[in-house]
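Peer 1: Any chance you could fold what I've pasted below:
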Amino acid sequence: MLGNGCQGNPLFLSMGVLARAASIRWYFVGRRLTMPQRGVWLGMHALFSLTILVEPDRHRFARLALEAVRALAGNAFFAAPRLAETVRNLREECGRTGGAVTACVQVDGDRVEAACGSRRLLLAQLPREPAFSDLTELSARLRQSGESADPELLMRRNREVSRQLERAKARAAVEMAELEAMLERKKEELRETLHRAETDGLTGLLNRRAYDRHLREAVTRSHRQHQPLSLLLLDLDHFKDINDAHGHQYGDAYLKRMADSLRRAARDGVDHACRFGGDEFAVIAFGDLKAAAGIAHRALQMMDNRISVGIAELDEGEQAEQLIARADAALYRAKREGRGRIIFAADQALFCSEAVG
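Peer 2: From the prediction side, this is the model:
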């Protein structure tokens with residue numbers, strides 16, 4: 001009885017009549033749609049398959065394959081050298097993969113073939129195509145013969161599996177060590193790249209990019225941890241005149257001297273000394289005005305009182321831009337009032353005499 005979707009459809013009715021008239025049964029074997037005709041099975045039939053791991057597995061495969069060729073009236077003398085080649089191929093494949101491989105013997109029409117992966121090798125050309133019932137019976141017999149209960153073989157297989165597992169663990173340990181070493185090299189390369197990207201090429205101080213980043217981070221940290229933070233902005237007095245009078249080489253040496261003075265004046269590993277353009281320098285000091293004044297005085301003395309310094313301490317809730325503006329205003333006052341001096345932000349000027357003194 002056809003389903004509702006097929007009732008009345010002339011195509012399906014015609015196919016049904018033809019199928020009943022011919023008494024055809026279709027089967028799916030392997031990957032081919034085949035049908036038996038006059039007791040002969042057309043298509044591919046896998047007789048047996050074996051997992052090949054140790055040498056006895058390869059010889060057992062060859063013995064069963066030869067038994068299949070003889071049972072199907074194939075030429076055993078033709079099959080024998082081809083099975084020897086198959087054994088060699090299986091040995092090479094196991095060595096290449098470092099583990100077990102699966103091999104099978106199959107019948108494709110009137111051909112008996114050995115197959116492993118994508119490789120197929122003709123073992124025998126049969127005088128006729130075998131019947132499906134004969135293939136089914138032979139397949140069951142071969143599969144039963146292939147199930148080995150030999151304790152010695154099982155022990156050998158277990159030892160081989162254990163050896164392969166140990167080799168795999170050793171390879172994995174070596175590969176992991178290599179990966180970790182490569183990761184460390186990449187991390188070091190990244191650190192060096194970041195350092196170069198944030199370092200002033202002439203003086204070795206932090207550059208403008210690093211100055212901006214460190215100042216933002218310092219402001220956030222100061223507010224979160226309720227710790228004092230001060231910003232020093234410094235200019236070389238009359239640097240343009242010095243550069244014009246003595247040349248650029250002297251001017252570069254003068255900038256390096258200023259950088260060295262800031263490194264020695266600031267606290268190593270605590271404060272950040274920066275050059276963010278021309279003769280403009282900054283120190284991000286993790287401390288109050290008194291600590292900042294100490295840094296400024298040491299730098300001023302090492303530079304023979306020929307620098308101007310503006311200082312501002314971070315107020316509660318203040319952002320980096322506001323802190324910069326107050327320190328910059330103090331620096332402008334230091335220049336306007338004669339240079340070679342330290343000036344504090346206007347709203348913190350009461351601290352000036354105590355800090356400077």
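Peer 1: got the residue ranges for the helices in this structure?
Peer 2: Along the chain, counting by DSSP state H, helices occupy 10-22, 55-71, 76-97, 132-146, 151-197, 208-225, 239-246, 248-265, 289-302, 320-336, 352-356.
Peer 1: how about a markdown table for those helices, with distance to L121 and mean pLDDT added?
Peer 2: Backbone N, C-alpha and C define where each C-beta goes, glycine included. Listed next are the helices of the chain as a markdown table, based on distance: least, CB to CB, whole Å; pLDDT from 0 to 100:
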| stretch | distance to L121 | mean pLDDT |
| --- | --- | --- |
| helix 10-22 | 37 | 35 |
| helix 55-71 | 10 | 89 |
| helix 76-97 | 6 | 89 |
| helix 132-146 | 18 | 85 |
| helix 151-197 | 25 | 81 |
| helix 208-225 | 67 | 96 |
| helix 239-246 | 85 | 92 |
| helix 248-265 | 77 | 96 |
| helix 289-302 | 84 | 96 |
| helix 320-336 | 76 | 96 |
| helix 352-356 | 93 | 46 |
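Peer 1: Tabulate those (CSV), appending distance to C116 and mean neighbour count.
Peer 2: CSV is the format used below for the helices of the chain (distance: least, CB to CB, whole Å; neighbours: other CB atoms under 10 Å):
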stretch, distance to C116, mean neighbour count
helix 10-22, 39, 11
helix 55-71, 9, 19
helix 76-97, 6, 15
helix 132-146, 15, 15
helix 151-197, 18, 11
helix 208-225, 60, 16
helix 239-246, 80, 13
helix 248-265, 70, 17
helix 289-302, 77, 20
helix 320-336, 69, 18
helix 352-356, 86, 14
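Peer 1: The ones you listed: which one's closest to D271?
Peer 2: When those are ranked by distance to D271, counting by CB to CB, first place goes to helix 289-302 at 6.9 Å.
Peer 1: same for the closest one, what does it pack against?
Peer 2: Applying 3 or more CB pairs under 8 Å, 6 or more residues apart in numbering; DSSP states H and E, we find helix 289-302 packed against strand 230-236, helix 248-265, strand 280-285, strand 307-313, strand 342-344, helix 352-356.
Peer 1: To E198, which of these lies closest?
Peer 2: Checked against CB to CB, the stretch from these lying closest is strand 280-285, at 13.3 Å.
Peer 1: How about residues contacting that closest one?
Peer 2: Outside strand 280-285, the residues that touch it by CB atoms under 8 Å, 6 or more residues apart in numbering are 205, 211, 214-215, 218, 229-236, 258-259, 262, 265-267, 271-276, 291-292, 295.
Peer 1: Parallel or antiparallel, which strands does that strand pair with?
Peer 2: If you go by DSSP bridges, strand 280-285 pairs up with strand 230-236 (antiparallel), strand 272-277 (antiparallel).
Peer 1: The ones you listed into a markdown table, with extra columns for mean neighbour count?
Peer 2: Shown next, in a markdown table, are those (neighbours: other CB atoms under 10 Å):
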| stretch | mean neighbour count |
| --- | --- |
| strand 230-236 | 25 |
| strand 272-277 | 22 |
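Peer 1: Mean pLDDT lowest where, among those?
Peer 2: The weakest mean pLDDT among those belongs to strand 272-277, with a mean of 94.
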